[in-house]
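A.B. asks: sequence below, structure please.
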Amino acid sequence: REQVDADAPADSPWTFPAPKAVGHSFADTAAARHQELGRRLVAKREALDKKLAEVQEAEVARSSAAARINAAEEAAKPDAKRKEEAFTAAKQNAETCSSESLGVKAARASFMELQEAPLEPAALRQKRVNDLKPRLKFFCVEQDAIDCLESVLAKKRRLKSDSKVLSSIDEALAVRDRATAFMLGQCKAEVARCAEAVGAVAAATQLRTEELSGFDEVLKARETERKSCEEQVSAALCELSEHEGRMTREGFMRFSLSGEQCAICCNDISAGAAVLLGCNHGWYCPECMKRFVEARLDAGAAGDVPCPDCGLSISENDLITLLPRKTIFRLHARSSEQKDIASGARACPTPNCPWRLSLNADGSGERQTCPLCDVESCLLCGTAPYHEGRTCEEHRKSLCNKDEQSFFKWMEATGSKQCPTCNMAMTKENLEKQSQQRSECHKMLCRNCGTRFCFKCLAVLTETYTCGCSIDRHGFIDPHTGKIIKHLRRGKKRAG
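C.D. replies: I've put the predicted structure just below:
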């Protein structure tokens, strides 16, 4: 009892026996193993609580990031739409410029062929000129030059004015070609710029998507860790439950690993402070167990201490663990005293002397000296020192005065009796009927020494013995508290 479990709570009212250094039986290690499994379960639950907090934190971070990213996406949509529209328009302009540039080049090539080609039939030439005229007009060639083109081309010998007309047309097409080429370059540059802007928008969207994916991966990792912790908690709880089940099956007491409610006082008891008995009844707080045992002692009970619920005996080792040292000493002293009374021993007549003395088997040996208080006395009448040369009756008569004689006459007249242990006079409430009663209970408890005896035959009664003068279910009345005290223990047979 001097060794204490190093991991027990500092404020625990219980004393946990330390595991033995030698031996590995279940009885030796059950309590220590139970505490170890409890601590392991607490550690696993703390780890799970930490992971749950991390999961919650990851969920909050992911939710916050999703809201922020969605807001950024919504804010970027108008700009992205404008850039998409600008990109589309730039591509259309580039295509238009490219088509126009190709048209100018084709018209210029046709015009050059008409100038350099040999004389053609008039009808074919006219057809080709007519096909070319709308294009020349579209490319802003002067109308006068367009109108006289056919006549100029029809001449075999061209004048200076004719060459001037052809040169003006060629110059107009060349200017138009350079202008469309410049515009085409501008349009391509605009397309490239718009494409870069659209690409930047797509890249920003991709970054936001990847950022949200990162939060999703963190949350997924936290969820995986949480599931692993839950599995570990389940395994630890299963192992603890199996161990507690075996402790219950083998009748081992155990202490609470969490807060419990006392089954007697209904107060909330902190972890490690409540006890479940080997019969699987509880939980009980230390104060209630102490009051339960001390109430039995105060009532004169001795022997095994039963469970408050089922009545099965609590082992001595469990009682030593549960109860204060002072209560254990009282319990041992009361048990020894009750055994002495049951064996026929009598209390030493010296006041406050706890020693017990016994007569010989044939009833002799009434003159004895107490080895504890060293006082010689008579065990039959309780006289100390011993009445040398006189019988108990002669000694009593020599001491009796008129009042004492009157008292003994009253005892004889009323049927009063004396306690078989301390000779204290006993009487009942109904003085007239106490000597001839038939249905009343004869079981008495001495107010002076606590001896339980039969008022009718003066036999000393114990938890395992009854004289039969009263029915078994009758008990004793505590003269100090007025409470009923059971006589025979549950499961004990009536003695003959």
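
A.B. asks: what's the closest non-adjacent residue to Gly278?
C.D. replies: Spatial nearest neighbour of Gly278, excluding adjacent residues (C-beta to C-beta, 6 or more residues apart in numbering): Gly251 at 3.8 Å. (Glycine included, C-beta is placed from N, CA and C.)

A.B. asks: would you say that neighbour is within a strand?
C.D. replies: No - applying DSSP: H, G, I helix; E, B strand; the rest coil, one finds Gly251 to be coil, outside a strand.

A.B. asks: what's the per-residue pLDDT of it here?
C.D. replies: For Gly251, the pLDDT comes out at 85.

A.B. asks: so it is in contact with Leu276, correct?
C.D. replies: No - in this structure, Gly251 is not within contact of Leu276 by C-beta atoms under 8 Å, at 11.4 Å.

A.B. asks: correct me if wrong: Arg176 contacts Phe139.
C.D. replies: Yes - here Arg176 reaches Phe139: they are 4.5 Å apart, a contact under C-beta under 8 Å.

A.B. asks: I figured Lys83 hits Ala195, correct?
C.D. replies: No - using C-beta under 8 Å, Lys83 is not in contact with Ala195; the gap is 9.4 Å.

A.B. asks: those two - which one has more neighbours?
C.D. replies: More crowded of Lys83 and Ala195, by other C-beta atoms under 10 Å: Lys83, with 21 against 14.

A.B. asks: how distant is the host helix or strand of the more buried one from the center of its chain?
C.D. replies: In the assignment (DSSP states H and E), Lys83 maps to helix 26-116. The gap between where helix 26-116 is centred and where its chain is centred comes out at 40 Å by C-alpha atoms, centre = their mean, to the nearest Å.

A.B. asks: could you do stretch 390-400 as well?
C.D. replies: Stretch 390-400 has its C-alpha centroid displaced from the chain centroid by 76 Å (C-alpha atoms, centre = their mean).

A.B. asks: circling back: higher neighbour count, Gly251 and Leu276?
C.D. replies: Using other C-beta under 10 Å, the more surrounded residue of Gly251 and Leu276 is Leu276, with 20 against 14.

A.B. asks: how about that one, nearest residue that isn't a chain neighbour?
C.D. replies: Closest to Leu276 by C-beta to C-beta, 6+ apart is Gly282, at 3.8 Å.

A.B. asks: could you pull out the helices for the stretch 101-250 of the chain?
C.D. replies: 122-138, 143-147, 149-154, 160-249 (DSSP state H, counting those that start in this stretch).

A.B. asks: mean pLDDT for the ones you listed: which is lowest?
C.D. replies: Ranked by mean pLDDT, the helices of the stretch 101-250 of the chain bottom out at helix 149-154, with a mean of 78.

A.B. asks: list the helices and strands that one packs on?
C.D. replies: Judged by 3 or more C-beta pairs under 8 Å, 6 or more residues apart in numbering; DSSP states H and E, helix 149-154 is in contact with helix 122-138, helix 160-249.

A.B. asks: same list (those helices) but as CSV, adding distance to Ala32.
C.D. replies: Below are these laid out as CSV (distance: least, C-beta to C-beta, whole Å):
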stretch, distance to Ala32
helix 122-138, 105
helix 160-249, 11
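
A.B. asks: quick one, which of the ones you listed is nearest to Arg108?
C.D. replies: Of all those, it is helix 160-249 that lies closest to Arg108, at 4.3 Å by C-beta to C-beta.

A.B. asks: distance between the closest one and the chain's centre?
C.D. replies: Chain-centre distance of helix 160-249: 46 Å, with C-alpha atoms, centre = their mean.

A.B. asks: which of the helices of the stretch 101-250 of the chain has the highest mean neighbour count?
C.D. replies: Each of these was scored by mean neighbour count; the highest is helix 149-154, a mean of 17, by mean count of other C-beta atoms under 10 Å.

A.B. asks: how far does it sit from the chain's center?
C.D. replies: Put simply, helix 149-154 sits 107 Å off its chain's centre (C-alpha atoms, centre = their mean).

A.B. asks: just give the number of residues close to the nearest residue in space to Thr180 that is not next to it in sequence.
C.D. replies: What sits nearest to Thr180 in space, not counting adjacent residues and going by C-beta to C-beta, 6+ apart, is Ser101, at 4.0 Å. With neighbours defined by other C-beta under 10 Å, the count for Ser101 comes to 20.

A.B. asks: residues contacting Ser101?
C.D. replies: Ser101 sits next to 177, 180-181, 183-184 when contact means C-beta atoms under 8 Å, 6 or more residues apart in numbering.

A.B. asks: tell me the one among these nearest to Arg45.
C.D. replies: The shortest gap between Arg45 and any of the contacts of Ser101 belongs to Leu184, at 74.1 Å (C-beta to C-beta).

A.B. asks: ok, now which ones touch that closest one?
C.D. replies: 94, 97-98, 101.

A.B. asks: distance of Asn280 relative to Glu250?
C.D. replies: 11 Å (C-beta to C-beta, to the nearest Å).

A.B. asks: make that Trp410, sorry
C.D. replies: Distance from Trp410 to Glu250, by C-beta to C-beta: 60 Å.

A.B. asks: what of Cys441?
C.D. replies: For Cys441, the distance to Glu250 (C-beta to C-beta) stands at 41 Å.
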